[in-house]
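1. give me a model of this one.
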Amino acid sequence: MRHRKATVPAVAGALALALALTGCGGSDDGTARLSVASAYMPQPVSDLAAGFLTITNEGEAADRLTSVSSDVAGQVTVHETVDGSMREVESLDIPAHGSLVLESAGNHLMFEQLKRKPTQGQKVAVELRFAHSDPVTVELPVKPATYRPTTGH
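-> So this is what the prediction gives:
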């Protein structure tokens, strides 16, 4: 029986396939995998506005929402609500295989020093920044001031 020597490309390909099949180098590589859904902003009735959304992390590692910016406001801050009391925080945790829900009467974004008041039907772009993941830009549709979602929060 004749034996052929394996070529370097063939060995490298076989090794890559073996690593992929065993889970090494797959999507669960110890990083956060973030997605954003259910985003909206109630139409502002003053010089402040709120923003709500859900950040889902399907990754193996936790992350944190650390800051937010938007061209519609001089400042966007992250707020936590505990026992009905709201306070600004430096960050909010996004657990591995979990979600951070920003909702009315709960944790939320505050748009301060509005440069213009967005109206129903418009969209407001925001950039979400995280402790470990790359920034994500999201468009928040402006809903009626009294809007309350029926799902997603």
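
2. okay, now H97: neighbour count?
-> 13 (other CB atoms under 10 Å). (Glycine included, C-beta is placed from N, CA and C.)

3. can you tell me how far it sits from P135?
-> Distance, H97 to P135, by CB to CB, to the nearest Å: 22 Å.

4. and for L65?
-> L65 is 11 Å from P135, by CB to CB.

5. more crowded one of the two?
-> L65 (25 against 12).

6. wait, is the more buried one part of a helix?
-> No: secondary structure of L65 (DSSP: H, G, I helix; E, B strand; the rest coil): strand, not part of a helix.

7. which pLDDT value belongs to it?
-> Here, the pLDDT recorded for L65 equals 98.

8. and the closest residue to it other than its chain neighbours, how close does it get to T119?
-> Leaving aside its chain neighbours, L65 sits nearest to L92 (4.9 Å; criterion: CB to CB, 6 or more residues apart in numbering). Computed as CB to CB, the L92 to T119 distance reads 28 Å.

9. over to V78?
-> 24 Å.

10. the more surrounded of L92 and T119?
-> L92 (17 against 9).

11. wouldn't that one be in contact with E80 here?
-> Yes: applying CB atoms under 8 Å, one finds L92 in contact with E80, separated by 6.6 Å.

12. so what sits against both of these two?
-> N107 (CB atoms under 8 Å, 6 or more residues apart in numbering).

13. mind listing what's buried along the strand or helix carrying S99?
-> Assigned by DSSP states H and E, S99 belongs to strand 98-102. Neighbour counts over strand 98-102 (16 or more other CB atoms under 10 Å) mark 100-102 as buried.

14. okay then, goodbye and thanks.
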